[in-house]
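K.L.:
Everything below, folded, please.
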Amino acid sequence: MLPPGLVANLQDVLNKKGNNNANEQQQRTSTSNEEEEEEDNNNNNNPNDVKPIVLLTNADGIESPGLVYLVQALVNEGLYNVHVCAPQLDKNVSGHSLTLKETVAVSSTDISGAIAYEVSGTPADCVSLALSGALFSWSKPLLVISGINQGSSCGHHSFYSGVVGGAREALLSGVPSLSISLNWKKDESKESDFKDAVSVCLPLINAAIRDIEKGVFPNSCSLHVEIPTAPLTNKGFKLTKQSIWRSTLSWKAVSANRHPGAGNFMSNQQSLGVQLAQLGRDASAAGAARRMTTQKKSLVEIESVGVAGKSDNRVKKYFRLEFEDKEHDDTNEDLDFRAVENGFVSVTPLSAHSNVESNTVSEASDWLSTFYST
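P.N.:
Coordinates of the predicted model:
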């Protein structure tokens, strides 16, 4: 169980102490009007300059309620200098992908008093850009938070998850990070659940920031926080292990008639990434409305091309990938997905390194020895 510690507002104490010292100095010495003005200006410096910097990103897109409600809560705390760098569009299953050799567009936006930018890239792009020093005046926040994501990132879903990818990018850069997901259920979950999820995870965030400042927060891993479907009825925080659970990957054929514009798919020999980036920029320029859907599905379209040489003879097929839920028979209550199903807030340490078990290393060694002996 991880204790939901609360952060004391040390900044207020320091400010009061500084003001008292300044008043005593004024009583002991007589100063000119210009000196008094200068001292007053110094006392009125922007308090954000000394607050801990917290960077937020997500995978659902910068207008998603999970991110917006979390930003609002952190800004209202008044303890942190909140910055946001998040994808312009839904990058829920982008994993740890980066946009290489393509232009990434960045636009400022308004979110609840935070300094915020939307990016035509992935969550990993957003964190990498934010930590580079090219976008913000700083290059290392105290904490990176990725989320709150709509949908589970338990088990093997963490490999597909853009929200986990954003937190992992921070870990690779030496910055403590959290990724947060809400176990969203179709026809059961509602937008207000994100507000409840924020109230559940906010004490954990405050405790993490407190312990980072003390130097006792774990620095060899990122913590993934999975909030159960009904956040306010949770049974508490539980340290869990990553499972091997994942949804079933279902590929379904899509006819050209059901897919408008299929005949022009990748027609001008551009990469899919370039086309999607351009579509994103065009949508932004046109002020297209972006809405949260009640169910997230990963949609991937691929082109199957025959080996025949001429383009007129090519065979094109179109497919759509969807995640379908499935039951898992593993009853270990210490696994992430099982803890969430049982009503706990799962907290799973995720390492940036591949920790191969000893028996796996032994199997690989035996196979390699056999290979050399033949």
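K.L.:
outside of stretch 224-231, which residues touch it?
P.N.:
147-148, 152-154, 158, 164, 167, 178-185, 188-189, 193, 196-197, 199-201, 204, 234, 336-337, 339-341, 343-350 (Cβ atoms under 8 Å, 6 or more residues apart in numbering). Placement of C-beta: from N, CA and C, glycine included.
K.L.:
Recalculate using a threshold of 6 Å.
P.N.:
By Cβ atoms under 6 Å, 6 or more residues apart in numbering, the residues outside stretch 224-231 that reach it are 154, 179-183, 185, 193, 196-197, 200-201, 234, 336, 340, 343, 345-348, 350.
K.L.:
If we go by neighbour counts, what in it is buried?
P.N.:
224-229, 231 (16 or more other Cβ atoms under 10 Å).
K.L.:
Check stretch 190-201 too.
P.N.:
Applying 16+ other Cβ under 10 Å to stretch 190-201 flags 193-198, 200-201 as buried.
K.L.:
So which of these sit within helices?
P.N.:
193-198, 200-201 (DSSP state H).
K.L.:
what's the closest of those to Glu77?
P.N.:
Distances from Glu77 to these, taken as Cβ to Cβ, are shortest for Val198 (11.0 Å).
K.L.:
For the closest one, list the residues it contacts.
P.N.:
Contacts here follow Cβ under 6 Å, 6+ apart; on that basis Val198 touches 69-70, 73.
K.L.:
Name the member of these with the most neighbours.
P.N.:
The member of those that has the most neighbours, counting by other Cβ atoms under 10 Å, is Leu70 with 27 neighbours.
K.L.:
Look up phi and psi at that one.
P.N.:
Main-chain dihedrals, Leu70, degrees, to the nearest 10: phi -70, psi -40.
K.L.:
residues contacting it?
P.N.:
Taking Cβ under 6 Å, 6+ apart, we find Leu70 in contact with 148, 198.
K.L.:
Can you give me the pLDDT of it?
P.N.:
Per-residue pLDDT puts Leu70 at 98.
K.L.:
one step back: how about the buried residues of stretch 224-231 in TSV, adding pLDDT?
P.N.:
Compiled in TSV, the buried residues of stretch 224-231 are given as follows (pLDDT from 0 to 100):
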residue	pLDDT
His224	94
Val225	96
Glu226	94
Ile227	97
Pro228	96
Thr229	96
Pro231	97
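K.L.:
hey, where'd the strands end up in the stretch 51-200 of the chain?
P.N.:
Secondary structure of the stretch 51-200 of the chain (DSSP state E, counting those that start in this stretch): strands located at 53-57, 81-87, 106-111, 114-119, 143-150, 177-182.
K.L.:
For the second one, could you pull out the residues that count as buried?
P.N.:
By 16+ other Cβ under 10 Å, the buried positions in strand 81-87 come out as 81-87.
K.L.:
In JSON lines: the ones in helices among the buried residues of stretch 190-201, plus pLDDT.
P.N.:
As requested, those are exported to JSON lines (pLDDT from 0 to 100):
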{"residue": "Asp193", "pLDDT": "97"}
{"residue": "Phe194", "pLDDT": "97"}
{"residue": "Lys195", "pLDDT": "97"}
{"residue": "Asp196", "pLDDT": "98"}
{"residue": "Ala197", "pLDDT": "98"}
{"residue": "Val198", "pLDDT": "98"}
{"residue": "Val200", "pLDDT": "97"}
{"residue": "Cys201", "pLDDT": "96"}
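K.L.:
Specify which member of these is nearest to Ser132.
P.N.:
Using Cβ to Cβ, those come closest to Ser132 at Cys201, 27.4 Å.
K.L.:
hey, where'd the helices end up in this structure?
P.N.:
Going by DSSP H, the chain shows helices at 10-28, 33-43, 65-77, 123-131, 157-160, 162-172, 192-214, 272-285, 336-341, 358-373.
K.L.:
Could you identify which of the ones you listed has the lowest mean pLDDT?
P.N.:
helix 10-28 (a mean of 44).
K.L.:
Return the residues in contact with Glu191.
P.N.:
Contacts of Glu191 by Cβ under 6 Å, 6+ apart are Pro65.
K.L.:
no, scratch that, I was asking about Thr99
P.N.:
By Cβ under 6 Å, 6+ apart, the residues touching Thr99 are 121, 125.
K.L.:
Report pLDDT for it.
P.N.:
94.
K.L.:
Distance of it relative to Ala134?
P.N.:
14 Å (Cβ to Cβ, to the nearest Å).
K.L.:
and what of Val144?
P.N.:
Distance, Val144 to Ala134, by Cβ to Cβ: 16 Å.
K.L.:
Same check on Glu63?
P.N.:
Distance, Glu63 to Ala134, using Cβ to Cβ: 24 Å.
K.L.:
So which of these two has more stuff around it?
P.N.:
Shown here are Glu63 and Ala134; by other Cβ under 10 Å, Glu63 has more neighbours (17 against 10).
K.L.:
and that one, backbone torsions?
P.N.:
The phi/psi pair for Glu63 (degrees, to the nearest 10) is phi -100, psi 10.
K.L.:
residues near Arg323, how many?
P.N.:
Rather than Arg, residue 323 is Phe. Using other Cβ under 10 Å, Phe323 has 19 neighbouring residues.
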